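*Asks:* Mind looking at a prediction? Sequence and model below.
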Amino acid sequence: NAGVMQNPRHLVRRRGQEARLRCSPMKGHSHVYWYRQLPEEGLKFMVYLQKENIIDESGMPKERFSAEFPKEGPSILRIQQVVRGDSAAYFCASSPNPFYEQYFGPGTRLTVT
Amino acid sequence: GDSVTQMEGPVTLSEEAFLTINCTYTATGYPSLFWYVQYPGEGLQLLLKATKADDKGSNKGFEATYRKETTSFHLEKGSVQVSDSAVYFCALSEDNNAGNMLTFGGGTRLMVKP
């Protein structure tokens, strides 16, 4: 059973461009969480999704950020008009249900130049 | 809101030394508590967990006890190895389950020298 997969592993964008980060959960997992890790800091919760539904987006900035988890395909975290402050590692985690531990992917390291 | 505070690093130890990384938390309910480890360039791996007061989580020689009276979950290992060098994160999840969002501490970098 493959683990949580994220791609790309590294992404470089210029200010003002869009960034799309993908997360494929483990097989059988329908719950996905996104976290952001700023340099030298801990992880901060952004959004929690189930298939086709956003359950909790309380940690996601209101502007420029959006997330989806369609019926088919990976979960996508989209950042429009990136700024230097968006540079961070973005981690995805999945679980088979909300009462089970989360399994983390290797992360996508976004650099905004 | 919930929060987790852990000792700042880096913590530098010689091989076979005793390790303690302090972690305290603030929560409104009865959280589950976790320690995650992050090796360079990788994602987080669950190291151990405890779901109720006085539970002891243990794995790979590491252990931590859920202390409700002191709201703490300190990580310990009796004899560290070079391969234990990593960043360690303390975290909690409310509602006494493992699935809801995790609140993390700032992380503690451990460096073990041969």
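*Replies:* Great, that's in hand.
*Asks:* Next, A:His29: secondary structure please.
*Replies:* Secondary structure state of A:His29, per DSSP: H, G, I helix; E, B strand; the rest coil, is coil.
*Asks:* I figured it hits A:Ala93, correct?
*Replies:* No - with contacts counted by C-beta atoms under 8 Å, A:His29 stays clear of A:Ala93, the gap being 9.2 Å. Glycine gets a C-beta too; all of them are placed from N, C-alpha and C.
*Asks:* which residues do those two both contact?
*Replies:* Common contact partners of A:His29 and A:Ala93 (C-beta atoms under 8 Å, 6 or more residues apart in numbering or on different chains): A:4, A:103.
*Asks:* Report the beta-bridge partner residues of the closest residue to A:Pro39 other than its chain neighbours.
*Replies:* Spatially, and ignoring its direct neighbours in sequence, A:Pro39 is nearest to A:Ala88 (7.2 Å; C-beta to C-beta, 6 or more residues apart in numbering or on different chains). When assigned by DSSP bridges, A:Ala88 has beta-bridge partners A:Leu110.
*Asks:* need the contact list for B:Ala50.
*Replies:* B:32-33, B:56-57, B:64-66, B:73.
*Asks:* what's the pLDDT at it?
*Replies:* We have a pLDDT of 94 for B:Ala50.
*Asks:* Compute the number of surrounding residues for the closest residue to it other than its chain neighbours.
*Replies:* Leaving aside its sequence neighbours, B:Ala50 sits nearest to B:Tyr66 (C-beta to C-beta, 6+ apart; 4.0 Å). Residues near B:Tyr66, counting by other C-beta atoms under 10 Å in any protein chain shown, number 20.
*Asks:* residues touching B:Tyr66, list them.
*Replies:* The neighbours of B:Tyr66, taking C-beta under 8 Å, 6+ apart as the test, are B:33, B:50-57, B:73.
*Asks:* That'll do, ta.
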